[in-house]
Each structure stands twice: as C-alpha cells, then as structure tokens.
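J.: When you get a sec, could you give me coordinates for this:
(one chain, ligands or ions: 1)
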Amino acid sequence: MKTVPTLYEWAGDIQTFETLFETFYDKVLRDDLLGSLFKNMSPDHVRHVAHFVAEVFGGPTLYTEQDQGSHAKMIGEHIGKMLTEEKRQRWLQLLLQTADELGLKSDPEFRSALVGYLEWGTRLAVINSQLTENPMVESEPMPRWGWGETGGPYIPN
Ligand code: HEM
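T.: Have a look, this model is predicted:
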C-alpha cells in the first residue's frame, strides 16, 4: 500500500520551518504595512510560529510540549489586534514569496495544501483579531492539516 508522508515530512524537517519563518519575519519587519505591527514581538515569536505550523502539518509536538503552547494560546495572541484584510494579504504574499525564494517544495499538491492552510489560518487570525475575548477553551485540540479537502463549510451547532 502507498505510504503518504505528512506535509511536515514532505516539506523537510524542523529546520525547514524555522528557516522559512526566520526569513519571512525579516521581510515582515522591513515591510511598510506590517513592520510596526510586529516590531515589539517576543524573541520567541518566530520559533513559536514555526513550531506551531510544523505541528499542524504533522511534525513533532514542539509547540504544545516544548513551548507550552496550545491552539487557544495561539488564537489568544491575535485577540484585539484588529487585523485588516490588507494586512492579511500582505502577510500571505510575503510568506509565499519566502517559500519560493528558499526553494520550499513546489509540487502542486504540496503548494495547494500549504496555500489552503494559510488561507484558513490567516482568515481566522483576522476574524479573531476583531474580538475582545478569546472564544476558545484551553482544551481545544491543535488543528491538523493534511493533503485533502476541507470537508465542507463550518456550520455551528
Ligand atoms: C496561519 C496563519 C498564522 C499563524 C499560524 C500565526 C501564528 C501565531 C503565533 C503562534 C503567535 C504567537 C507567537 C508567540 O508565542 O510569541 C502569533 C502572534 C501574532 N500574530 Fe499570528 N499567525 C498567523 C497569522 C497572522 C496574520 C495574518 C497576522 C497579521 C497580519 C498575524 C499577526 C500576529 C501578531 C501581531 C502577533 C503578536 C506579535 C507580538 O508578540 O507582538 N498573525 N501568531
């Protein structure tokens, strides 16, 4: 039977994710639209985001275990930030540009899954950034992203 690698395995290793986000945030800090938003970010920010995405993609649980993060904690970082669609698009554009520059895997299947995740994650960041309180409970599991489709629209109970 065919063994399908996780997105993390296909992309490389933890260094792949750390280098991607280090290079990306260098650009973000120099960006006219995003620079001021991130200028006071913690020294751990870049590593935390790299570990978060690596874990979502099926990699080691560094964000939840080593960094003591959770999905709720990550969502909480965006509450009240009042992010705009323009900022979201720039964030996404710079990340995809960085992926190309670094030669991240560029096969259609991987890039489709990557863009799908980033569209989902950045839109959630914008939605949550308009709130004043974190709607997510601490026990909420980490999202998992794979190669497939979203499985349908989000319909609340
Ligand atoms: C898939 C999309 C995204 C992921 C996975 C993500 C992940 C994270 C994580 C893990 C943190 C906490 C870092 C820490 O522990 O220090 C964080 C903070 C933050 N994120 Fe995001 N984020 C995403 C999208 C965005 C977008 C689109 C924006 C803005 C356009 C944004 C703006 C911020 C800001 C301003 C912070 C706080 C920075 C500070 O410490 O001052 N995020 N994000």
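J.: Quick one: mean pLDDT over stretch 129-143.
T.: The pLDDT scores in stretch 129-143 average 95.
J.: Repeat that for stretch 45-64.
T.: Here stretch 45-64 scores 98 as its mean pLDDT.
J.: Quick check on the spatially most central residue of the chain: phi, psi?
T.: Closest residue to the average C-alpha location of the chain: Val53 at 4.9 Å, with Cα atoms, centre = their mean. Main-chain dihedrals, Val53, degrees, to the nearest 10: phi -70, psi -40.
J.: so where do the helices sit in the chain?
T.: With DSSP state H, the ranges of helices along the chain come out as 7-11, 14-30, 35-38, 45-56, 71-76, 85-101, 108-129.
J.: and among these, the most buried is which?
T.: Counting by mean count of other Cβ atoms under 10 Å, helix 45-56 has the highest mean neighbour count of the helices of the chain, with a mean of 22. C-betas here are computed from N, CA, C, even on glycine.
J.: Wait, the residue nearest to the centre of the chain touches Phe17, no?
T.: Yes. With contact defined as Cβ atoms under 8 Å, Val53 reaches Phe17; the gap is 6.0 Å.
J.: Model confidence for the residue lying closest to Glu109 once chain neighbours are set aside, exactly?
T.: Closest residue to Glu109 apart from its sequence neighbours, by Cβ to Cβ, 6 or more residues apart in numbering: Trp147 at 6.3 Å. Trp147 is assigned a predicted lDDT (pLDDT) of 93.
J.: Ok, Leu29 next?
T.: Here the pLDDT value assigned to Leu29 is 98.
J.: again with Pro153
T.: So, for Pro153, pLDDT stands at 72.
J.: residues in contact with the closest residue to the ligand within the chain?
T.: Residue nearest to the ligand within the chain: Gly121 (2.4 Å; Cβ to the nearest ligand atom). Not one residue lies near Gly121 by Cβ atoms under 8 Å, 6 or more residues apart in numbering.
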